[in-house]
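J.: quick one: sequence plus predicted model below, questions after.
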Amino acid sequence: MENACLIVSSPSKMQRLSKQWTLKKQTIGFIPTMGCLHEGHLSLMRQARKQTQKVVVSIFVNPLQFGRNEDFKIYPKPFEQDLQLCKEVGVDVIFHPTVSDFYPRQFQTTIDGNALAKKYCGRSRPGHFNGVLTAVHILFELIRPSSAFFGEKDFQQLFLIKQMCRDLWIPTEIVPMPIIRESNGLAMSSRNTYLNAEQKENAACLFHAISSVQAAVKKGYAKTAELHALAASLINHAPGMEMEYAHFVDLKTLLPLGDNIHTSSRLLLAAHIGENPRVRLIDNGHIAV
Ligand code: PAF
């Protein structure tokens, strides 16, 4: 069944609407996105639909989180398709502001995730996470969600958002949701639309690297250097793929593990494929000991 889905572009209108819901004690589930929705997003939207009375999806390609040489200008914007998907899931409101309404000219204040925002993806994308946190903070102020849903594919992003909520006493419950994958294991991402069929096959090496490391750890391998070499060789041997990083991190702190895997952790991966555009892909997986 298809539902009506209200499109709100004005930030102040969005704020008024969510205030009305809150006054009526209605719970609000929120899924922040940059559009080009895929099954990963839909799983978050369906979970929100189950858990909360009102569901808001934001579609906003946030310029603050893109570096100069990144894909802001070409980021896909299939709005009509996104709208249709939101209607099918029963989303109540799509918040779809313009950049100039979201960041008016006198805009000055930003959120800084500090040390952790500079690691891993933050190293090759300086300022990226501060841009994400600033946008998410503004969205939370406008929508005041009871719960917000984030995919674990962006594991570092999820961790930093939880850190922001804890540090700034934001009462929104952050609900992490598992990675949704294509049948070959490739993690769903809006950026997969940049890949052709052959590249999609090759990009599945990230998932194979995670699975192979998980299997090796199960067999008793624990040296992070050896496991790193295993992941790197699987990724770098896939045609067209170039690994950017592989890190084994502590689940509680997101800091790198030492020489040995001694506790349950996460393997974080980033790699590049193709030219024009050179597509950056990330993935991660749980490493159980
Ligand atoms: O994960 C994303 O799509 C973006 O980083 C987010 C959370 C919508 C902020 O712009």
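T.: Cool, the structure landed.
J.: neighbours around the residue in the stretch 151-289 of the chain that the ligand sits nearest to, how many?
T.: Nearest residue of the stretch 151-289 of the chain to the ligand: Asp154, at 5.2 Å (CB to the nearest ligand atom). Using the backbone N, CA and C atoms, a C-beta is placed for each residue, glycine as well. Close neighbours of Asp154, defined as other CB atoms under 10 Å, add up to 20.
J.: which residues touch the spatially closest residue to Glu182 that is not a sequence neighbour?
T.: Excluding the flanking residues, the one nearest Glu182 by CB to CB, 6 or more residues apart in numbering is Met188, at 6.5 Å. Contacts here follow CB atoms under 8 Å, 6 or more residues apart in numbering; on that basis Met188 touches 38-40, 153, 179-182.
J.: can we see that at 7 Å?
T.: Residues near Met188 by CB atoms under 7 Å, 6 or more residues apart in numbering: 38-40, 180-182.
J.: same check, this time on His41
T.: Per CB under 7 Å, 6+ apart, neighbours of His41: 31, 33.
J.: pretty sure it sits in a strand.
T.: No - if the criterion is DSSP: H, G, I helix; E, B strand; the rest coil, then His41 is helix and not within a strand.
J.: how close does it sit to the ligand?
T.: 8 Å (CB to the nearest ligand atom, to the nearest Å).
J.: ok, that residue to Gln65 distance?
T.: His41 sits 17 Å away from Gln65, going by CB to CB, to the nearest Å.
J.: in the stretch 51-200 of the chain, which residue sits nearest the ligand?
T.: Checked against the ligand (CB to the nearest ligand atom), the nearest residue in the stretch 51-200 of the chain is Asn62, 3.9 Å away.
J.: number of nearby residues for that residue?
T.: Count around Asn62 with other CB under 10 Å applied: 21.
J.: so what pLDDT did the residue nearest to it when sequence neighbours are not counted get?
T.: Spatial nearest neighbour of Asn62, chain neighbours left out: Ala135 (4.3 Å); criterion: CB to CB, 6+ apart. pLDDT for Ala135: 98.
J.: which helices and strands does the strand or helix carrying Ala135 pack with?
T.: For Ala135, the element it lies in under DSSP states H and E is helix 128-143. Packing partners of helix 128-143 (3 or more CB pairs under 7 Å, 6 or more residues apart in numbering; DSSP states H and E): helix 11-23, strand 28-33, helix 121-124, helix 155-167.
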